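Asker: Attaching a predicted model along with its sequence, questions to come.
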Amino acid sequence: FVDWQNLDFHLKPGSPAIDAGDIAFGPTEDFEGDSRPCEGGADVGADEYCESVGDWTTFVPSIDTQIVYISDSLGSDATCAAYLASGISDSFNPTSQIPCKTISQAKAIYDALPNNEPHWLLFKAGDTWNGQSLGLWGKSGRSADEPAIVASYDTTTTIQPKIITGPTSTFSGAMSSAGASFLIFADLHVESSYSGDDGNGERAFRWIPSGTSESWIFEGMHFENFQSAFVIGSSQAPWIGQISDLTLRNNVIEGSGGENAVYITGVNGLKLFEGNIFYDNGYTAGHTNGNYRGKHVYLDNENGYGVDGHTIFRNNIFVDAAAIAFQSRPGGDITNNYVEDHGIGISVGKHDQNQSWPRVNALIENNVVLHLTDSEDQNLGYGIFAENGDITIRKNIVAYFDGAVPLSGRPLHFNEDVYHWNNPENPFFNDPNSHTVGDITQNTIYSVPGKIRYGNGAYPFPDPEQITKTNNFFNGFATGFPTIFVYPT
């Protein structure tokens, strides 16, 4: 505990009580009202520990860390070198160390350092590099506690180093990785000089390793004007074990066009999206067709959909994506997010077209979802969209439908795919534990004209009563959502 002698029974990092409980035998909230589980499994005791909520990573060099500095304004490619951090009084404010001028020279020196060691590559704050990029990345840190770091230096200014990339013959965007582990990117502004809104732009970070790769953190970054900011996934089956543990924290991602701003598939372990701002992503110039309507975040396969409880979206702001704010096929814990101006606000689960995916688990709590819209070619306007899962939706606000089609907006939409209920070849056929079930409680729905919708087109929802509805506030009235809309009619 933090201080049991003074009756502070909050759990501290590393406590054996973390993830050691069983949610089946405890409440879904701790004594302070925090969700249980917060991440991973439930904790033992009254307090649910949430690691580094809203925190920033503190960078401390190891005894053998070497640092390569880069400065467009002060650097010299002829005399720059790697410097041992233990010989520098302040690693982020060097005095006599000579930085490189170009990214290519600094990267060449960095690449010559031993692999699997905690070396740093630091860009001078306030400087700008045009038409340059990091290229192919293959360096790993030593461990999660001693990572390799790419970040900024010079604390006398708050202006981030800015890298303006351009099309090259060897890769797209800022960086492409064939595989690396224990790596942190922080406090850089990366912008594409070539707009991606025609569907042919660059990708800022492309991480598609052919071997095991784990523990990447992107923190305090600013991505602008790429076709996609992230494309992350295994290059070949089996996906399991190839990539694990990804954190996106306190980043700004804006202006991605033609694709999803973040696309991730086949990543196991922790996937934490925390404190990020997503704005104006997914639009393709000249197209209104649904195939050209992207999302802020699209989280796809996780070894055939994960039920590991390690997918977390919390404290993010999602504003103005062409289609969906974020879509998490594996479900996860989705809490304390602000979502505005989308066709669909929050989407979890997936159509079971391969006839093999089990249901997913999702907690959707304390989110604000505003201003749902439809489009000329897509009947959208859904606040929360859930398919084939065990879903808990509580204490959310879903309000205001801005579409042109009367009564087409739906605050909540639940699908149970046809393969689950009407195909004996499906291993989950007639398995009541594979059907969409859930609990809707203490939500506020306001100024959304449609009703709750169960099913889609020819695919009926077998039993709407599988989803309980209590203590909700619907369009000005306390109700258990008695009005529903069930397909087929």
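Answerer: Thanks, I have it.

Asker: what helices or strands is the helix or strand containing Val231 leaning on?
Answerer: If you go by DSSP states H and E, Val231 is part of strand 228-233. Judged by 3 or more C-beta pairs under 8 Å, 6 or more residues apart in numbering; DSSP states H and E, strand 228-233 is in contact with strand 203-207, strand 243-249, strand 262-265. (Each C-beta comes from the backbone N, C-alpha and C, glycine too.)

Asker: mean confidence score for the last one?
Answerer: Along strand 262-265, the predicted confidence averages to a pLDDT of 84.

Asker: of the helices and strands packed on strand 228-233, which approaches Phe59 most closely?
Answerer: With C-beta to C-beta, the closest approach to Phe59 among these belongs to strand 243-249: 13.9 Å.

Asker: pLDDT on the closest one, on average?
Answerer: What strand 243-249 shows for mean pLDDT is 86.

Asker: again, but for stretch 279-296
Answerer: Stretch 279-296 carries an average pLDDT of 67.

Asker: got it, and stretch 82-90?
Answerer: Averaging pLDDT along stretch 82-90 yields 96.

Asker: how close does the closest residue to Leu299 other than its chain neighbours get to Phe185?
Answerer: Nearest residue to Leu299, sequence neighbours excluded (C-beta to C-beta, 6 or more residues apart in numbering): Ser328, at 4.6 Å. Going from Ser328 to Phe185 by C-beta to C-beta, to the nearest Å gives 23 Å.

Asker: for Ser193, same thing?
Answerer: Here the criterion is C-beta to C-beta. By it, Ser193 lies 20 Å from Phe185.

Asker: These two: which has the busier surroundings?
Answerer: Each of Ser193 and Phe185 has its neighbours counted (other C-beta atoms under 10 Å); Phe185 has more, 23 against 12.

Asker: Need the residues that contact the one helix or strand that one maps to.
Answerer: Assigning secondary structure by DSSP H and E places Phe185 in strand 183-186. Outside strand 183-186, the residues that touch it by C-beta atoms under 8 Å, 6 or more residues apart in numbering are 57, 59, 137, 139-141, 147-152, 205, 215-221.

Asker: Where helices are concerned, which of those residues count?
Answerer: If you go by DSSP state H, the contacts of strand 183-186 have nothing in helices.

Asker: Give me the buried subset of the residues you listed.
Answerer: By neighbour count, with 16 or more other C-beta atoms under 10 Å, those hold 57, 59, 137, 139-141, 147-152, 205, 215-221 as buried.

Asker: Please report how far Pro114 lies from Val150.
Answerer: Distance of Pro114 to Val150, computed by C-beta to C-beta: 17 Å.

Asker: following the longest helix along the chain, which helix or strand shows up next?
Answerer: The single longest helix within the chain, with elements called by DSSP H, is helix 103-111. Following helix 103-111 in sequence order, the next helix or strand is strand 120-124 (DSSP H and E).

Asker: does Ser347 really touch Phe385, like I thought?
Answerer: Yes. Ser347 is within contact range of Phe385, at 4.4 Å (criterion: C-beta atoms under 8 Å).

Asker: still on that earlier bit, now the strand holding Val231 and strand 203-207, what's the angle there?
Answerer: Comparing the axes of strand 228-233 and strand 203-207 via axes from the mean of the first three to the mean of the last three C-alpha atoms, to 10 degrees yields an angle of 10 degrees.

Asker: quick check: angle from strand 228-233 to strand 243-249?
Answerer: 160 degrees.

Asker: residues of strand 228-233 that come out buried?
Answerer: For strand 228-233, a neighbour-count test (16+ other C-beta under 10 Å) marks Ser228, Ala229, Phe230, Val231, Ile232, Gly233 as buried.

Asker: Identify the bridge partners of the fifth one.
Answerer: Partner residues in beta bridges with Ile232, using DSSP bridges, are Trp207, Ile264.

Asker: Would you list the strands that the strand or helix carrying Ile163 pairs with, along with their directions?
Answerer: Ile163 is part of strand 162-165, with elements assigned from DSSP H and E. According to DSSP bridges, strand 162-165 forms sheet pairs with strand 128-130 (parallel), strand 189-192 (parallel).

Asker: Most tightly packed of the ones you listed?
Answerer: strand 189-192 (a mean of 23; mean count of other C-beta atoms under 10 Å).

Asker: mind saving the C-alpha coords of it as CSV?
Answerer: Coordinates of each C-alpha in strand 189-192 appear next as CSV, following Å, rounded to 0.1, in the frame of the first residue of the first chain:
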residue,chain,number,x,y,z
HIS,A,189,6.3,17.4,-34.6
VAL,A,190,6.2,15.3,-37.8
GLU,A,191,4.4,16.7,-40.9
SER,A,192,4.0,15.5,-44.4
